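> Next one to model:
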Amino acid sequence: MSNDTTHTARPRRSALFTPADDAEMLQKAVGTDADAFIFDLEDAVHPSRRETARENLREHVPNLDVNREVAVRVNGWGTEDFASDLETAVEAGADAVALPMVDSGRDIRETWRELTALTDDPPRLRATVETPTGMHAGTDIAAACRETGVESLGFGFADYCKAVGSPGTPDRIRKRLELLTVEYAAMGGVDPVASVHLDIGDEAGLRRVAERARETGFVGMTAIHPAQVSVINEAFTPPPDEVTQARRLVESFDASERDSLEVESVFLDTATVDRYRRLLERAPE
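The predicted model follows:
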């Protein structure tokens, strides 16, 4: 959804973070194969540069020739920069607002209330939980997702590790966050999106994390460098053989007009077939 009809909200395999205070980087970002772009006003921009970043977004986003989702990451609800960031996202015609540091359903509800006060056609929300407080408020956050215009729910790996006092970013913490996030996203009826892989040069590690995320139920993953995009896209693109089988199974189920049956040694009922339908929705045309 967007004030600019050239932007679209699908697919969502990869979303590339880019600092909003560098106009040249904004232009380079949209030259990548990322499915979405998150122009950052938060962590990647020093407070002294945020007004410059906002000016960049107002000037450049409306003129981007890109048929993919454009999001603006604002500073968290309740912060000093939040209101100005939100207004900028709307003025620039962003498709989505990436909301960080979500600690409760209130953060989402209040952000949505302010967005709908700014425009009759508000951008969607990409909510991110980044603290233990947020992870323990998952039920409330999921309810807020259903009540408002949230399109996806993610987790912030690095900030969570910092919050719990971890000296690094251990995989066992990431696995726990992955499981909680897909559960909360399912409860909220939104897409789960996995957090960034912090080691830019570790392609094997990125591939491992991305493939595990897809198997866990995530629809995509954020990236912090253009070099990560192709690996992420590949990991979240269903293999052709899976797509072919899914199409056969769905067609057989629909043609049977039954509540359950076995096809190719696969037991099919409504819930199982819905999973194959979702796979087909995300398959390349």
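> residue contacts, the closest residue to Trp112 other than its chain neighbours?
Once flanking residues are discounted, Trp112 sits nearest to Thr148: 3.8 Å by CB to CB, 6 or more residues apart in numbering. Heads up, the C-betas are built off the backbone N, CA and C, glycines and all. Neighbouring residues of Thr148 by CB atoms under 8 Å, 6 or more residues apart in numbering: Ile108, Arg109, Trp112, Leu125.
> Give me the nearest residue to the last one, chain neighbours excluded.
What sits nearest to Leu125 in space, not counting adjacent residues and going by CB to CB, 6+ apart, is Val150, at 4.5 Å.
> residue boundaries of the helices in the stretch 1-150 of the chain?
Secondary structure of the stretch 1-150 of the chain by DSSP state H, counting those that start in this stretch: the helices cover 23-29, 50-60, 82-92, 105-118, 132-135, 138-147.
> can you redo these as TSV with mean pLDDT and distance to Ser166?
As requested, these are exported to TSV (pLDDT from 0 to 100; distance: least, CB to CB, whole Å):
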stretch	mean pLDDT	distance to Ser166
helix 23-29	94	30
helix 50-60	97	29
helix 82-92	98	27
helix 105-118	98	24
helix 132-135	98	11
helix 138-147	98	20
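> quick one: Cys161 and Arg172 touch, right?
No: applying CB atoms under 8 Å, one finds Cys161 not in contact with Arg172, separated by 10.9 Å.
> quick one: which of these two has more around it?
Taking neighbours as other CB atoms under 10 Å, Cys161 and Arg172 compare with Cys161 leading, 19 against 7.
> Which helix or which strand is home to that one?
According to DSSP states H and E, Cys161 maps onto helix 157-163.
> Can you name every helix or strand that that helix contacts?
When contacts are defined as 3 or more CB pairs under 8 Å, 6 or more residues apart in numbering; DSSP states H and E, helix 157-163 packs onto helix 132-135, helix 171-188.
> Switch these over to a markdown table, and while doing so, append distance to Ser84 to every line.
Listed next are those as a markdown table, based on distance: least, CB to CB, whole Å:
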| stretch | distance to Ser84 |
| --- | --- |
| helix 132-135 | 23 |
| helix 171-188 | 28 |
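> Please identify which of these is closest to Thr18.
Using CB to CB as the measure, helix 171-188 is the one of the helices and strands packed on helix 157-163 that comes nearest Thr18, at 23.0 Å.
> tell me what the closest one is packed against?
helix 138-147, strand 150-155, helix 157-163, strand 191-194, helix 203-216.
> Quick one, which of these gets closest to Asp22.
Across these, closest to Asp22 is helix 157-163 (CB to CB), at 21.0 Å.
> Please point out which parts of that closest one sit buried.
For helix 157-163, burial by neighbour count (16 or more other CB atoms under 10 Å) applies to Phe157, Asp159, Tyr160, Cys161.
> Thanks a lot, catch you later.
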